[in-house]
Each structure stands twice: as structure tokens, then as C-alpha cells.
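Asks: everything below, folded, please.
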Amino acid sequence: MTGRLLAVAVLCFLLFAAVGLFVTRQPLSRLDGWAAGLRAGNVHLATIFTVSGYGPALSVLGLVSIAATFALRFPIKVPLAILLSQVVSQGLVSAAKGLFARSRPCAWLYRHEPGFSYPSGHAATAVVFYGAWALALWASPLPAPARVVGCALLAAWALGIGWSRIVLGAHYPTDVAGGVLFGVGWLCFVLAAARYAGLVARPA
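Replies: Residues are numbered from 1 along each chain as shown. Below is the predicted model:
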């Protein structure tokens, strides 16, 4: 399983780099141009999703998750690992933005951000933070109905975050795709490293 996780991570990182090189060297793709028609659709809902991907909201959620971990007597290493993974991944995303240096869309509907466009840090967060919590919830000893409902809600929320970046004009769809690719690659890499270090139990 560790080898498969690393293989998926490498594949995602390669695709991430390929998409980044393509969008920075070619004119605006049809997909990115078509997405302009999605802007301004349900801005209020999109704003809620977007705010949930910023640092302050993630910090609050992190503190809540730590408190819940203590209350349920789950291992504290889980929320701490997820928070650390999130911080490191965003540092790498910021570095990648500087390397690709893609300009952002011009139509802003919420909070103008001066950074570059590719990849979407919010999309990466949707996978690295919310996706990691979905995996942690699925592996938890909670009742099956709670795990299924919780994972479905987290997955839907992660999708909503990516959608919100397009609707609010903060990113092109290819930026969001790049963020997802990076996020999946990073999450697989972290899981593989955790398994190798013995921090994640291996199946019998």
C-alpha cells in the first residue's frame, strides 16, 4: 500500500507540473474561457465556501478538532498531523505559484488577492485538510452511519470550495485542477510517509 500511495503521489505531481507548464505557455484554454459564464452564480454560498478555506477558519476548525479529539479520546496525533500537513502544503503551494507565475482572472467578486493564480491554494486545502479529515473520520471507531454521513459532507464541502473559487472569479478551472492534483499528491505522500514511520496502523 505504501508503494501504491507513493506511485499515485508521483503521478499527481507530474500531472500537476504538466498542467502548470501548459497553462502558463498557452493562450487561455476553452475550459478556462467557458468558466467565465459560471461567475457570479450564488455568490453568497460561494463566499461561505471560500472563507472556510482561509487561515482563520482553518485555525478555528483545527482547535475544534483538537477539542473533539480529547472529548472522544482519539489519538491527538491525528489533528496535529493534519494541521502540520496543511501548513507545509500551503508553503509549497506558495512556492509553486511563484514558479508558474500565472496571472489571476480580472473579474473579482470577493477579496482581491495579490498572489499568482496557479495552483489554487484553496483547492489544495480542500484535499489536504478536508480530505484528510474525511479519511480520518472513515478510519475512526465511530458508528458506520456517522462515518458515511460525515465523509459525504466533507467531500461535498471540499467540492464546494473548488467551485467557489471559479464562481468568485479568483481562479480559472485549470488552477483548481492543479490545486486538486497537488493536494492529492501531497496527501498520498504524507500517508505513505506516516505508514512507513509506523504512525498509521497497517492492515493485518
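
Asks: pLDDT wise, what is the spatially closest residue to Pro173 that is not a sequence neighbour at?
Replies: Nearest in space to Pro173, with sequence neighbours left out and distances taken as Cβ to Cβ, 6 or more residues apart in numbering, is Ala35 at 4.8 Å. The way it works is simple: take the backbone N, C-alpha and C, and place the C-beta from them, glycine included. At Ala35, the model reports a pLDDT of 78.

Asks: which SS class is Ala35?
Replies: Assigned with DSSP: H, G, I helix; E, B strand; the rest coil, Ala35 falls in the helix class.

Asks: that one touches Val167, doesn't it?
Replies: No. Using Cβ atoms under 8 Å, Ala35 is not in contact with Val167; the gap is 9.1 Å.

Asks: helices and strands around the helix or strand of the chain with the lowest mean pLDDT, which ones?
Replies: In the chain, no helix or strand scores lower on mean pLDDT, DSSP states H and E than helix 30-34, which sits at a mean of 82. Contact partners of helix 30-34 among helices and strands, from 3 or more Cβ pairs under 8 Å, 6 or more residues apart in numbering; DSSP states H and E: helix 173-196.

Asks: in the helix it packs on, what counts as buried?
Replies: 173-195 (16 or more other Cβ atoms under 10 Å).

Asks: for that helix, the averaged confidence score.
Replies: Per-residue scores along helix 173-196 average to 95.

Asks: what does stretch 137-152 give?
Replies: 93.

Asks: now do the buried residues in that stretch.
Replies: 137, 147, 150-151.

Asks: any chance of those in a markdown table, plus secondary structure and distance to Val93?
Replies: As requested, the buried residues of stretch 137-152 are exported to a markdown table (DSSP: H, G, I helix; E, B strand; the rest coil; distance: Cβ to Cβ, whole Å):
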| residue | secondary structure | distance to Val93 |
| --- | --- | --- |
| Leu137 | helix | 24 |
| Arg147 | helix | 29 |
| Gly150 | helix | 26 |
| Cys151 | helix | 24 |
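
Asks: got the phi and psi for Leu109?
Replies: For Leu109, the backbone dihedrals (degrees, to the nearest 10) come out as phi -120, psi -10.

Asks: what about it, how many neighbours?
Replies: 15 (other Cβ atoms under 10 Å).

Asks: and the closest residue to it other than its chain neighbours, how close does it get to Pro27?
Replies: Closest residue in space to Leu109, ignoring its immediate chain neighbours: Leu168 at 4.6 Å, by Cβ to Cβ, 6+ apart. Leu168 is 23 Å from Pro27, where distance means Cβ to Cβ, to the nearest Å.

Asks: with Leu154 instead?
Replies: From Leu154 to Pro27 the distance is 36 Å (Cβ to Cβ).

Asks: Ser52 now?
Replies: Distance of Ser52 to Pro27, computed by Cβ to Cβ: 33 Å.

Asks: before we move on, what about Lys97?
Replies: Between Lys97 and Pro27 the computed distance is 20 Å (Cβ to Cβ).

Asks: between the two, point out the one with more neighbours.
Replies: Lys97 (21 against 8).

Asks: shouldn't the more buried one be in contact with Pro114?
Replies: No. The pair Lys97 and Pro114 fails to qualify as a contact (Cβ under 8 Å) at a distance of 10.8 Å.
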